[in-house]
Each structure stands twice: as C-alpha cells, then as structure tokens.
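A.B. asks: could you work out the structure for the sequence below:
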Amino acid sequence: MQIGKRGYPYPILNNATNYNCYKKSTYSLEYENEEDHNNFTLKNVRIETNSEELKCLIDKKLVKAMIVIESSSTIFKYTEEISTTPKNIIIPIGNLSGKVEISSIVYTTENIVGFSSNDFTEDFDSYKFNIEKYCPIAIDDGYIVKVEYNDFDDKKVSSIFSVVESYDSELKYMKVINGDRKIKIELPEDEFKKFDALNGQSTFYNLLFSIIIIPALSSCLKDFQSEIKYQEKTIEDISDSHSWFLSIQNAYKKIYNKDIKNEEFINLDALEFSQTIFDYCSVKSIKDFYDIIKRKTDASEEDEENV
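C.D. replies: Next up, the predicted model:
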C-alpha cells in the first residue's frame, strides 16, 4: 500500500525525506525477515519515532499504527496493529509470491482538533490542523521483498487467483479468464478499487470469496468437466495445460483422502466443491453480513440515545 507520495491537506510524518513535513522528526517501520518452506516471518516488528507529538497521541490512544503486507500476485493483504514494542508476525508462505510490499501507516482513531508541532516545515509552521478520524498522520512506504515460492507444491488454493482492474473501460461485469497458472478475474475500475479497499480485512473475507472467488472457480471447473466429458480429455491433460489445477487436485485429496479420477471429477458438483475448499464461505458470509449490519445499526441507535 504505497500511499506516502500522495498529497494531504495537513502535515504528514513520512519516512521518505522528500515527502516529510517535519524538520527533524522521523518515523519508520523496523523488522527483520526470514522465510522457510512453511512461513514468512517478520521478527521484532516495531515502529520507531523521535516525534514527541506522535508518541503523545499513541499514549492517549488517539492513533493506531498498522503494518500492511501485500502480495498482488496472490491477492493477499494482511494488516495488524503494531507499536514501539517489538512483536513477531508469521505469514504462511503460500499466501505470498513474487513482489511483496511491507509498509506501515499511523491513522487517527478520533477526530483531532488543533493539531500542531514546533517541528513543522516552513509550509505548515505556526498553523493548527483539524484531522478527521481514520486519516493517516505518519507513513512509511517501507520495503519491497521478493518471495520465490511455488504454491502448487504446497496445496495453497487461494493463491491460484489473481484479481485485477480491467483495462476495458466499458466492462460492466466480472470477467473470468481461465489461465494456465492462475485464474484471472477482471473487475471494472470502480469495483476493483472497492474490492482492493476491502481485501485483506478479515471481516470481509467470506463475503469477497463468496461473491468473486467461488463463482470464478465453479465456472472454470465446469469448463474442465465439459472438456473431459465431451473432448475425451483427462485429469492429467487438464493439469498439464493449467498448472493451477494441481492445487485443486491437492485440495480434493486433502478433503477426501484420495486422488480424484476422471469419472469422479465429471460427477462433481462444481459449486458445492468450490465452497467446501474455502470452508463454506458462501454460507458463512450471510452471518458476516448480518453481523456487519447489526453492528452498524447498534452504533446508530447508541448515537441517537446520546443525542
């Protein structure tokens, strides 16, 4: 999540010198990383700052610091709260592939009125700022690391999808492309931006997967079933031409404790099997959606009572 180069109407404490709005204050994300066959581990994850204003806001719980870990090729996004106290973060290696962005952001948890600092640069010196809730005030666009990992060797099914923004400005629907290494899902520009904003938040995991991933996988599996039934292809032919299907075979074996055969695959209910692979996320998404609406309703009623 590279947001440090954006413009803001108030000063940002930025690790990038060219974009920092403070004279001497600094902010940075610090960690050491290592990886093995199973996990990508960030050790001693912490933030470091010499800004007394930021430290004060943290102590008063008016801001939160978050680490953001993103792997665009596997549509994986992970966020976790961090602080000046070191902690370890472990990510299953199958969630990551290729370029992985690791960044940090400090955002407000309440509206802040009259924020000021003696360390502002000349452009902001002597001004006070009202900063709204959920706005960033410190950023470290962090690091880009490369993770070399073959997800097909580790049965990681979620990493066989790639959700991208479509270059077709007239696209009005979700487009599924059955690729040789991944299932590519194209979304219209506005919808992709909304998807990207929600992706990685555990609250929306089941919803996003039931809306996007399950239909896409079901469609591709049905195409393969037709090829085997009517074009005399085999499971091995499908695996040779679409390496992502190896993950599906591995998932089937894990669930049913046996290899899938041609006849079994033809008779498989593609929609039911897709939901089974992803832990019945379509059904679970109903509860998640209900909980989201209920929390919002309860919060509105509480606000009305306090008026």
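
A.B. asks: and the most centrally placed residue in the chain, its phi and psi?
C.D. replies: Of all residues in the chain, the one closest to the mean position by Cα atoms, centre = their mean is residue 77, 1.9 Å from it. As for residue 77, its main-chain torsions (degrees, to the nearest 10) stand at phi -140, psi 130.

A.B. asks: what's the closest non-adjacent residue to it?
C.D. replies: residue 200 (2.5 Å; Cβ to Cβ, 6 or more residues apart in numbering). To be clear about C-beta, it is placed using only N, CA and C from the backbone, and glycine gets the same treatment.

A.B. asks: returning to what we had before: show the pLDDT at the residue nearest to the centre of the chain.
C.D. replies: Confidence at residue 77, expressed as pLDDT, is 87.

A.B. asks: now do residue 126
C.D. replies: According to the prediction, residue 126 has pLDDT 85.

A.B. asks: that one sits in which helix or strand?
C.D. replies: Following DSSP states H and E, there is no helix or strand that holds residue 126.

A.B. asks: show me where the stretch 151-300 of the chain has its helices.
C.D. replies: 189-198, 205-208, 214-230, 235-241, 245-256, 262-266, 270-277, 281-306 (DSSP state H, counting those that start in this stretch).

A.B. asks: could I get those helices as CSV with mean neighbour count and mean pLDDT?
C.D. replies: CSV is the format used below for the helices of the stretch 151-300 of the chain (neighbours: other Cβ atoms under 10 Å; pLDDT from 0 to 100):
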stretch, mean neighbour count, mean pLDDT
helix 189-198, 14, 89
helix 205-208, 20, 89
helix 214-230, 17, 95
helix 235-241, 15, 89
helix 245-256, 17, 89
helix 262-266, 15, 93
helix 270-277, 18, 94
helix 281-306, 12, 80
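
A.B. asks: list the contacts for the closest residue to residue 171 other than its chain neighbours?
C.D. replies: Distance criterion Cβ to Cβ, 6+ apart; nearest residue to residue 171, sequence neighbours excluded, is residue 188 at 5.0 Å. Contacts for residue 188 (Cβ atoms under 8 Å, 6 or more residues apart in numbering) come out as 165, 166, 171, 172, 173.
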